[in-house]
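J.: give me the fold of what follows.
(chains A and B)
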Amino acid sequence: MKNRLRVLRAERAWSQQDLAERLEVSRQSVNAVETGRYDPSLPLAFKIADVFDLTIEDIFTNPAKENDQ
Amino acid sequence: MQSNNPAQRRYIRRFVPAMVGYVVVLFGSTWVERVYHPEGAALFLLSLLPALPLLAVLVVMGLYLAEERDEFIRNRLITAMIAGIGITLAVTTVWGFLEGSEMVPHFPTFLAFPLWCGSFGVVQCALNLRDRMGGGGA
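T.: The predicted model follows:
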């Protein structure tokens, strides 16, 4: 799933490891989500949104609306 | 597998004693069988003993799957395990038919477990490699 994780991390000067520690997951997980190879569960998506103080829709692109953007 | 989260550390702490137990019981039961030549129920129990630590390994793996909190790691392990089941079923099915025609030697069924472990281990390594090659970096 397309997302803005890399940009949001860069804005905060966080490495993947920094984000992984905040989310209590492995760096591999952050990398897989960020590169769109793994779609996070709803609880993890909410956790990601909380960490950035944004909504899920602000971070992840709705696959059904990808062509609209 | 990197032993860097609590579930993975617990897995290693359980897995190692089970495998050490397997080696000890395997050598012990083989020695008892050769020296004392037990029969009947005693031989049945003696033959069963080496399987018990391996059953414990299956339980240890199940516990790890249940306890792993990193959903991506858990998902990847499940994928590798299912692929391992597929490889094991494919190999044993083909082998079984070839064996029926006496084209290949007998395949002892106790080898199915190490075959599955090896298969899902290879798939796990391949998935690890794919994720490393996937890049994304720092």
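J.: please identify the helix or strand for the residue of chain A found nearest chain B.
T.: Nearest to chain B in chain A, going by Cβ to the nearest Cβ, is A:S29, at a distance of 3.8 Å. Glycine gets a C-beta too; all of them are placed from N, C-alpha and C. For A:S29, the element it lies in under DSSP states H and E is helix A:27-34.
J.: sorry, back to before: please tell me how far the residue of chain A closest to chain B sits from A:L5.
T.: 11 Å (Cβ to Cβ, to the nearest Å).
J.: mind checking which of these two has more residues around it?
T.: Taking other Cβ atoms under 10 Å in any protein chain shown, A:S29 and A:L5 do not tie; A:S29 has more neighbours (25 against 22).
J.: separation between that one and A:R4?
T.: Using Cβ to Cβ, A:S29 is found at 17 Å from A:R4.
J.: how about A:A64?
T.: Distance from A:A64 to A:R4, by Cβ to Cβ: 18 Å.
J.: what does chain A put close to chain B?
T.: By the rule Cβ under 8 Å from any Cβ of the partner chain, the part of chain A lying against chain B is A:6, A:15-17, A:24-26, A:28-29, A:31-35, A:37-38, A:40-41, A:44.
J.: for A:G36, give me the backbone phi and psi.
T.: Main-chain dihedrals, A:G36, degrees, to the nearest 10: phi 80, psi 10.
J.: ok, back up a step: ok, then the element right after the helix holding A:S29?
T.: Toward the C-terminal end, the helix or strand that comes next after helix A:27-34 (DSSP H and E) is helix A:42-52.
J.: for the helix or strand following that next one, which outside residues touch it?
T.: Downstream of helix A:42-52, the next assigned helix or strand under DSSP H and E is helix A:56-59. Applying Cβ atoms under 8 Å, 6 or more residues apart in numbering or on different chains, the external contacts of helix A:56-59 come out as A:N3, A:R4, A:L5, A:L8, A:A45, A:F46, A:I48, A:A49, A:F52.
J.: list buried residues within the residues you listed.
T.: Buried subset of the contacts of helix A:56-59 (neighbour count, 16 or more other Cβ atoms under 10 Å in any protein chain shown): A:N3, A:R4, A:L5, A:L8, A:A45, A:I48, A:A49, A:F52.
J.: low pLDDT regions in the chain?
T.: Assuming you mean chain A. Chain A contains residues with pLDDT under 70 at A:68-69.
J.: actually it's chain B I care about, not the one you picked
T.: B:1-3, B:134-138.
J.: switch the cut-off to 90
T.: Within chain B, the ranges that satisfy pLDDT under 90 run B:1-5, B:130-138.
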